[in-house]
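In: My questions are about this predicted structure, shown below with the sequence.
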Amino acid sequence: MSEESVAPTPPRTNLTRTQTFLVAGLILFTILGMFLMGRDALRLDRALGPVALGHFSASRDLGNLQRELLLTQIKVKGLRIDTPLPGTPYEGFRLESSGAAASILQNFSLARSAYAVLISKLETLESGILISDEIQQEVEALQRRFTAADRLVTRLETRELTPSQLLATLQELDTEITATEIVVRELLLEQQEAELGVIAEARTIARASRLALGVGGAVLFMMSLSLLFVTRRALNTELQRAYARLRQETTQLQEAHQRLEEAYEEGGRLGRESARRAAQLEAAAQVGRAASTLLSVEDLMITAVEQIRRTFGFYHAQVFLIDDEGQSAVLRASTGEAGQILLARNHQLEVGSRSVIGRVTSAGKPVVALDTEADPFHKRNELLPDTRAELAIPLMVGKKIIGALDVQSTQPNAFQPDDIAVLQILADQLAIAVENARAYEEQQHLTEELRELDQVKSQFLANMSHELRTPLNSIIGFSRLIMKGIDGPVTELQGRDLSTIHISGQHLLHLIDSILDISKIEAGKMEMHFEPIDFRKNIADVAMSTALGLVKDKPVELVKEVPGDLPPIMADAVRIRQVLLNLLSNASKFTDEGRITLTVTKQGEMLIVSVSDTGIGIPPEKQAKLFEAFYQVDSSTTRKTGGTGLGLAISKSFVEMHGGQIWMESTGVPGEGTTFAFTIPINGPQQPTEEEDSCGEKAALVLVVGNEPGTALLYEKYLVAEGFRFSICPTLDLATEEAAHTPPQLILADVKVGHKEGLEMIQALRQQRAIGDIPIVLCALDNVESLALEAGAVAFLQKPVMRNTLITTVQQWTKNGKQLVPTEAESK
């Protein structure tokens, strides 16, 4: 309906307000009078109904009493006196008359019952409404007569009368019964008159009611006719106006309905188109997700073409990639049985050939054949006989054409501009994914080669241990012998030269030992010999004695805070002593004056060992790489203090191989120094028992969340070799879906740059219901162990992560989904 249409107004009459009120008042008054008359008639009818019923019932009872009295009177008259009966109370009765006497008594008993019923009915009738005085007087006379007759019958029942008394009693009873019957007859006549009066009154009321209703109805009818006649003309005029407006509005509604139907059809078409477009975009999203998770080029392309064919309903879908020479487009993924045959034939088309694929791989623009029967560039394939339309979109990375996405339909003109736009998005995603997968595979091969080279290097250095140590031992040993004068006296100058040779040899031996240690650690050939040891006696005291020689020429105080009641620990004494000596050596190098403190405490099942100094400290920007192999704080410090940069990396590996962790704290302010600390499990690293190894449980699953494929691949190599299952998710969303589908026993959150990204990742993971209480280990460049633990991680690994460190940490947190080494919080 248009906005200009006006709704019809109600009809208006020609009556004034006063006339309307008068007519309405008269109608209401008439209705009220009729209502009151009807109500009174109904009430009177309800009142007379019981009275009439009572009168009718009383008349019936009077008739019953009259009948019994007449029967009694007849039997009394028929009784006569004859020869007395000896031995009986009534000697004057004849023998055959004794039955008659009994009959009199029986009949009068019935008369008593009829009398009682009659009196009860009369009392009920009197209590409901007043009866006439005549009837009242007759009732009182009946009561007196019947009482007298009843008294005589009672005397007769005693049978103690003489014959003369009996005769007199019978005569008197005959008289009383006769008088009673007369009263009953008169009372019966009065009752019949009362019944007639009630009926007449009820008829009078009914006629009056009908008359009132008739008059009221007539008045109401006349008034209604008058009112209808007055309003009829006004209504006719108004109805004509309303009919004209209705016709106009009907025409407008028809026009609006037509427009609505057209809009509905258009909306339906748009809805269907939107649903189809949503399905296509969902397919694009699924291909994008597959592209971010599948790192195999073949798997990626197969998944993509199957998804495209199924979602878009195409007859066929396939992907071509240009070969290394750039001459041919080789089929790499194809759907259906025909696709398998084409792949088996190594189907390929020449770039720039007279075909849809040839044109698209040379021009780099979409090519469409809307009618293959008439398009000269469509190359017919006998395995795809039903193709009637073909569309090919180039796969491009930058300006480089790497292949083409080809789809075919059984319907001519099947491809619309919107279809081409969505498929272009899919093609762009697929091209990038293919290029990434290729790069990943190349990086995988390169990483494997580097891994092999690294193992060869480590193996070489390990094998060279004997060859390197033998000449050094000779140099160090013989120089010491000469210095002691065993081979003869030496001059002071010769002594200083020999001392220099000896010290340099010791330094070179230490350097070679460090390189060999790190090589063994990386090669996985470093062996530990765990045995019960007294930490204070075998580790702390020995290390502090050695440290005295390191600070003997400096104003530095060595402080040892080690309790005497420490329990024995399971550890490799040589390696733990080496760790502690490395920390004390570093502290002595960077502390020119002040104090170096060794502190050992027990917390739960862990020993916490810390070495604090008051030296120059370490700047925050240098702390992230402090535990990396060959890393040194800066060149000037290196020249002053010396060192290989391997001590902390080796110490970190030894601690983690014991099942502990190592970290450092420093503000970088000179004088506030640095604190290095590490933990050692008292009972040694927990190892799976033979029974647990043979129980046949499924290998633990480790999920890596991070966008560095090379790092993830390295983790995979390390862990798969130890029997773990492995899964990689580059994004948080994919990790959540993967965890919901297949819950892992451990999550490695690997971040590429700053620690802030890692802490946010941990918090985001912990908020996911699918993650729950799954242990999370953060791997980052910055040393943020305390922050990582506060954010919800169970452990922190500083990158680069060594192989043994990674394996030890993962083993701690994946056995039966529980940690093997108690944390500090649990120990408390």
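Out: Nice, I can see it.

In: got the domain boundaries for this structure?
Out: For the chain, automatic domain parsing gives the domain ranges 17-240, 294-433, 465-521, 529-681, 695-827.

In: hang on, residue 732 packs against residue 762?
Out: No - when contacts are counted by C-beta atoms under 8 Å, residue 732 is not listed as touching residue 762 (10.7 Å). (Glycine included, C-beta is placed from N, CA and C.)

In: ok, which stretches of the stretch 201-350 of the chain are strands?
Out: Taking DSSP state E, counting those that start in this stretch as the test, the strands found in the stretch 201-350 of the chain are 316-322, 328-334, 348-350.

In: just checking, what packs against the last one?
Out: Going back to what we said before, that points to strand 348-350. strand 328-334, helix 356-363 (3 or more C-beta pairs under 8 Å, 6 or more residues apart in numbering; DSSP states H and E).

In: Quick check: the gap between the residue nearest to residue 411 when sequence neighbours are not counted and residue 370.
Out: Nearest residue to residue 411 in three dimensions, chain neighbours excluded: residue 388, at 5.9 Å (C-beta to C-beta, 6 or more residues apart in numbering). From residue 388 over to residue 370 the distance is 9 Å, taken as C-beta to C-beta, to the nearest Å.

In: Check the secondary structure at residue 545 for me.
Out: helix (DSSP: H, G, I helix; E, B strand; the rest coil).

In: cool, and residue 490?
Out: From three-state DSSP, the assignment for residue 490 is coil.

In: Confirm that residue 368 sits in a helix.
Out: No - applying three-state DSSP, one finds residue 368 to be strand, outside a helix.

In: In terms of neighbours, single out the busier of residue 732 and residue 762.
Out: The neighbour count for residue 732 versus residue 762, taken as other C-beta atoms under 10 Å, is higher for residue 762 (23 against 15).

In: which ones are touching residue 374?
Out: Residue 374 makes no contacts at all, as judged by C-beta atoms under 8 Å, 6 or more residues apart in numbering.

In: What's the separation between the closest residue to residue 112 other than its chain neighbours and residue 657?
Out: Among residues not flanking residue 112 along the chain, residue 150 sits closest, at 6.8 Å (C-beta to C-beta, 6+ apart). Applying C-beta to C-beta, the value for residue 150 to residue 657 is 132 Å.

In: Under the pLDDT cut-off, which ranges of the stretch 601-750 of the chain? List them.
Out: Along the stretch 601-750 of the chain, the model assigns pLDDT under 70 to residues 631, 633-644, 686-698, 710.

In: The stretch 201-350 of the chain too?
Out: Along the stretch 201-350 of the chain, the model assigns pLDDT under 70 to residues 201-235, 257, 264, 267-295.

In: With the stretch 401-550 of the chain instead?
Out: By pLDDT under 70, the low-scoring segments of the stretch 401-550 of the chain are 458-459, 461-466, 507, 522-525.

In: Which residue ranges of it form strands?
Out: Going by DSSP E, counting those that start in this stretch, the stretch 401-550 of the chain shows strands at 531-533.

In: residue ranges of the helices in it, please?
Out: Here the stretch 401-550 of the chain has its helices, by DSSP state H, counting those that start in this stretch, at 417-463, 465-483, 492-523, 541-550.

In: Relative to residue 624, which of those helices is closest?
Out: Within these, the stretch nearest residue 624 is helix 492-523; the backing value is 19.4 Å (C-beta to C-beta).

In: and the closest residue to residue 308 other than its chain neighbours, what does it touch?
Out: Nearest-residue entry for residue 308: residue 317, 4.8 Å, with adjacent residues in sequence omitted and distances by C-beta to C-beta, 6+ apart. For residue 317, the residues meeting the contact criterion (C-beta under 8 Å, 6+ apart) are 305, 306, 308, 309, 334, 335, 405, 406, 407, 408.

In: burial measure for the residue nearest to residue 411, as a count.
Out: Residue 388 is flanked by 18 other residues according to other C-beta under 10 Å.

In: if I look at it, how far off is residue 380?
Out: For residue 388, the distance to residue 380 - C-beta to C-beta - is 11 Å.

In: same thing with residue 137?
Out: From residue 137 across to residue 380, the span is 133 Å (C-beta to C-beta).

In: the more surrounded of the two?
Out: Neighbours of residue 137 and residue 380, each counted by other C-beta under 10 Å, are more numerous for residue 137; the result is 14 against 10.

In: The more buried one in helix, strand or coil?
Out: Classification of residue 137 using three-state DSSP returns helix.

In: now residue 394
Out: For residue 394, the assignment made with three-state DSSP gives strand.

In: what about it, how many neighbours?
Out: With neighbours defined by other C-beta under 10 Å, the count for residue 394 comes to 25.

In: Would you check that my belief about it contacting residue 365 is correct?
Out: Yes - proximity of residue 394 to residue 365 meets the contact threshold set by C-beta under 8 Å, at 6.7 Å.

In: Can you give me the buried ones in stretch 565-579?
Out: Neighbour-count burial for stretch 565-579, counted by 16 or more other C-beta atoms under 10 Å, picks out 566, 569, 570, 571, 572, 573, 575, 576, 577, 578, 579.

In: quick one: which two of the residues you listed are the most distant?
Out: For these, the maximum inter-member distance is 19.5 Å, found between 566 and 578 (C-beta to C-beta).

In: Now do the same contact list for the closest residue to residue 583 other than its chain neighbours.
Out: Nearest residue to residue 583, sequence neighbours excluded (C-beta to C-beta, 6+ apart): residue 611, at 4.2 Å. Listed by C-beta under 8 Å, 6+ apart, the contact set of residue 611 reads 580, 583, 584, 587, 596, 597, 598, 599, 675, 676, 677.

In: Can you name the residues that contact the second one?
Out: With C-beta under 8 Å, 6+ apart as the criterion, the residues that contact residue 583 are 611, 651, 676.

In: Need the residues touching each of residue 388 and residue 370.
Out: Jointly contacting residue 388 and residue 370 under the rule C-beta under 8 Å, 6+ apart are 412, 414.

In: for residue 713, what are its contacts?
Out: By C-beta under 8 Å, 6+ apart, the contact set of residue 713 is 443, 444, 447.

In: Make a markdown table from these and add distance to residue 245 to it.
Out: Output for these, formatted as a markdown table (distance: C-beta to C-beta, whole Å):
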| residue | distance to residue 245 |
| --- | --- |
| 443 | 81 |
| 444 | 82 |
| 447 | 86 |
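
In: just these now: which is nearest residue 795?
Out: Set against residue 795, the nearest of these by C-beta to C-beta is residue 447 (24.7 Å).

In: What is the burial count for that closest one?
Out: A count of neighbours around residue 447, defined by other C-beta under 10 Å, yields 18.

In: from memory residue 431 sits against residue 396, does it?
Out: Yes - using C-beta under 8 Å, residue 431 makes contact with residue 396 at a distance of 5.6 Å.

In: more crowded one of the two?
Out: Per other C-beta under 10 Å, whichever of residue 431 and residue 396 has more neighbours is residue 431, with 25 against 18.

In: which non-adjacent residue is nearest the more buried one?
Out: In space, residue 431 is closest to residue 395, 3.8 Å off (C-beta to C-beta, 6+ apart).

In: related to what we said a few turns ago, comparing residue 150 and residue 657, which shows the higher neighbour count?
Out: Applying other C-beta under 10 Å to residue 150 and residue 657 shows that residue 657 carries more neighbours, namely 20 against 16.

In: Give me the phi and psi angles of that one.
Out: phi -70, psi -20 (degrees, to the nearest 10).

In: Which secondary structure element is home to the residue nearest to residue 112?
Out: Residue 150 is located in helix 133-158, with elements delineated by DSSP states H and E.

In: Contact partners for the residue nearest to residue 411?
Out: Counted by C-beta under 8 Å, 6+ apart, residue 388 has contacts 371, 372, 373, 409, 410, 411, 412, 414.

In: how far away is it from residue 419?
Out: Distance of residue 388 to residue 419, given as C-beta to C-beta: 15 Å.

In: Over to residue 372?
Out: In terms of C-beta to C-beta, residue 372 sits 16 Å off from residue 419.

In: Residues in a beta bridge with the residue nearest to residue 614 when sequence neighbours are not counted, which ones?
Out: Residue nearest to residue 614 in three dimensions, not counting chain neighbours: residue 594, with 3.2 Å by C-beta to C-beta, 6+ apart. Note on residue 594: beta-bridge partners by DSSP bridges are residue 556.
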